[in-house]
Every structure is written in C-alpha cells, then in structure tokens.
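Chemist: predicted coordinates and the sequence they were generated for:
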Amino acid sequence: MKNSPAYCFELEFAVRDSEVDMFGVVNNSVYLRYLEHTRHTFLKSTGIDAAHMQQLGFNLVVTRIEIDYKQPLRSGDLFVVKLAVSAVTRVRFVFLQDIYHLSSQQLTTSARIVGTAIPPNGRPGIPDDFYQVLHTHLA
C-alpha cells in the first residue's frame, strides 16, 4: 500500500518451481494462497483456529479481495508477507497484506481482503472472541 500500515504479523516464504507459470513468474492465483496461509497462520497465533470455528458453526469467508501486482516473484525468490488488521466491526473485518521481496525489500504485491463470519443462523456476524482478538491488533 502507498503508506505502509502498522503490521502485526509476518510470514516468510520461498517460491517453489511448481508455483511459476510458463513465463517464469509466480502465477496470479498462487498469491491468493500465500495471502490466505498468512491470514490463517496469524489467526492461529492469536488462538483463533478457522477449522475449529467451522466446527462450532462459524464459517469465515472472504467477501472481497483487491490485489495490486507491482513486481513479479520468480522461482527461488525469498519473500515475506506482512499483515495488518485494518478494520473490524460486528459484521466484517479487513486485512491489509503486503508482499516484499526479502533481498531487495521491494514491494511486490499489495492486497486488501474483506471478510465476515457466517454463524449457524446464516446472518453475517463476527463472534465476540474473534472480534476482540482482531480489535486488539488494529493498525
């Protein structure tokens, strides 16, 4: 993002050969997996397990993703995904996630992810414990 948010979590990765396309760069769909894995790892680090929430009847869902691809990643590149909690209400949450190439510290990708939880009653709403955890990590 133009003004880097106050990140609360980061996770390092290495690009695998199987993640690049015929042009030798990471396929755009793979970035979604990097971002998702980072969000899930962040949540687990705070005591929130998406799989356990689903067992309780709460499905965490992404409702919108905006991604700006700035520079490509290539096989073998080392990079870090940084995460900030941008907003949280009783109905939705927003994560800002940026990907930086480790050796150059260049921003390669910026994303804004909006999501919610769908409880057993089917009406979007964030469970209290999830809300409190995200609220304490607001940028």
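Modeler: Done, it's in. Note that the coordinates shown come from a computational prediction; the quantities given were computed from them, not determined experimentally.

Chemist: going by C-alpha atoms from here, please, whenever you check contacts or count neighbours.
Modeler: Noted.

Chemist: pull the number of nearby residues for Gly24.
Modeler: Residues contacting Gly24 under the criterion other Cα atoms under 10 Å number 13.

Chemist: what sits closest to it if chain neighbours are left out?
Modeler: Excluding the flanking residues, the one nearest Gly24 by Cα to Cα, 6 or more residues apart in numbering is Arg74, at 6.2 Å.

Chemist: contacts only, for the one you found.
Modeler: 15, 20, 24-26 (Cα atoms under 8 Å, 6 or more residues apart in numbering).

Chemist: check His135 too.
Modeler: 87-88.

Chemist: on the three-state scheme, it is what?
Modeler: helix (DSSP: H, G, I helix; E, B strand; the rest coil).

Chemist: got the CA coordinates for the helix or strand of the chain with the lowest mean pLDDT in PDB?
Modeler: Of all helical and strand segments in the chain, the minimum by mean pLDDT, DSSP states H and E falls on helix 50-55, at a mean of 89. Written as PDB, here are the backbone C-alpha positions of helix 50-55 (Å, rounded to 0.1, in the frame of the first residue of the first chain):
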ATOM      1  CA  ALA A  50     -10.600 -21.300  11.400                       C
ATOM      2  CA  ALA A  51     -11.200 -25.100  11.300                       C
ATOM      3  CA  HIS A  52     -12.300 -25.100  15.000                       C
ATOM      4  CA  MET A  53     -14.600 -22.100  14.300                       C
ATOM      5  CA  GLN A  54     -16.200 -24.100  11.400                       C
ATOM      6  CA  GLN A  55     -16.800 -27.000  13.800                       C
END
